[in-house]
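Peer 1: sequence plus the predicted model coming up.
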Amino acid sequence: MPLQLISSSDDRALLIRDRVLPLVRERGTLQTQRDAVRLTELRMPPWLFRHWTPFNELNAGEAASPGYRRAVERQRSRPELVYGLEVWLAARMLQVLWSDDGRVEVASFVRGAWEDAALAL
């Protein structure tokens, strides 16, 4: 049986996400909180981090219960990747999307020396 090597940069991208998210949550500034997204940014020149989470303002007469929200979510055929993080350093270096059910998509990832610098923040 031949040996098959599988190489993925997803692990490294997720390490960066897990390192950067607490910084953004602790020190970031809320930019948008309407429609379907809540966007928080953290600027630490030369870095820019953008993190978004789902947020829906309720319309008049809409139920606010968690049960109602879960029922609406179950109507979708596939849950969306509603959380995201972008890392910018002169250009977008990383974009990671994920959901509550554990699905993750590394939408873009430019490999380079910046990775170690991001992990050292």
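Peer 2: Perfect, I can see it now.
Peer 1: could you use CA atoms for every contact and neighbour count after this?
Peer 2: Will do.
Peer 1: lowest average confidence, helix or strand, in this protein?
Peer 2: Taking mean pLDDT, DSSP states H and E as the measure, the chain has helix 66-74 as its least confident helix or strand, at a mean of 60.
Peer 1: next, the buried residues of the top helix by length along the chain.
Peer 2: Longest helix in the chain by number of residues, with DSSP state H as the criterion: helix 10-27. By 16 or more other C-alpha atoms under 10 Å, the buried positions in helix 10-27 come out as 13, 16, 17, 20, 21, 24.
Peer 1: ranges for the strands of the protein?
Peer 2: In the chain, the segments counted as strands under DSSP state E are 29-34, 37-44, 47-54, 83-88, 92-98, 104-109.
Peer 1: low pLDDT regions in the protein?
Peer 2: Residue ranges of the chain with pLDDT under 70: 1-9, 33-36, 56-79.
Peer 1: only alpha carbons, please: show stretch 110-118 as CSV.
Peer 2: These are the backbone C-alpha positions of stretch 110-118, laid out as CSV (Å, rounded to 0.1, in the frame of the first residue of the first chain):
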residue,chain,number,x,y,z
VAL,A,110,-1.3,33.7,1.8
ARG,A,111,1.6,31.8,3.4
GLY,A,112,4.6,33.8,4.6
ALA,A,113,6.7,35.1,7.5
TRP,A,114,3.7,37.1,8.7
GLU,A,115,2.3,33.9,10.2
ASP,A,116,4.9,33.7,12.9
ALA,A,117,4.5,37.4,13.6
ALA,A,118,0.7,37.0,14.0
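Peer 1: thinking again about what came up before, and of the buried residues of helix 10-27, the nearest to residue 106?
Peer 2: Comparing the buried residues of helix 10-27 against residue 106 with C-alpha to C-alpha places residue 13 closest, at 7.2 Å.
Peer 1: report the separation between that closest one and residue 43.
Peer 2: Counting by C-alpha to C-alpha, to the nearest Å, the gap from residue 13 to residue 43 is 20 Å.
Peer 1: and residue 107, by the same measure?
Peer 2: In terms of C-alpha to C-alpha, residue 107 sits 22 Å off from residue 43.
Peer 1: I'd say residue 30 and residue 49 touch.
Peer 2: No. Using C-alpha atoms under 8 Å, residue 30 is not in contact with residue 49; the gap is 11.9 Å.
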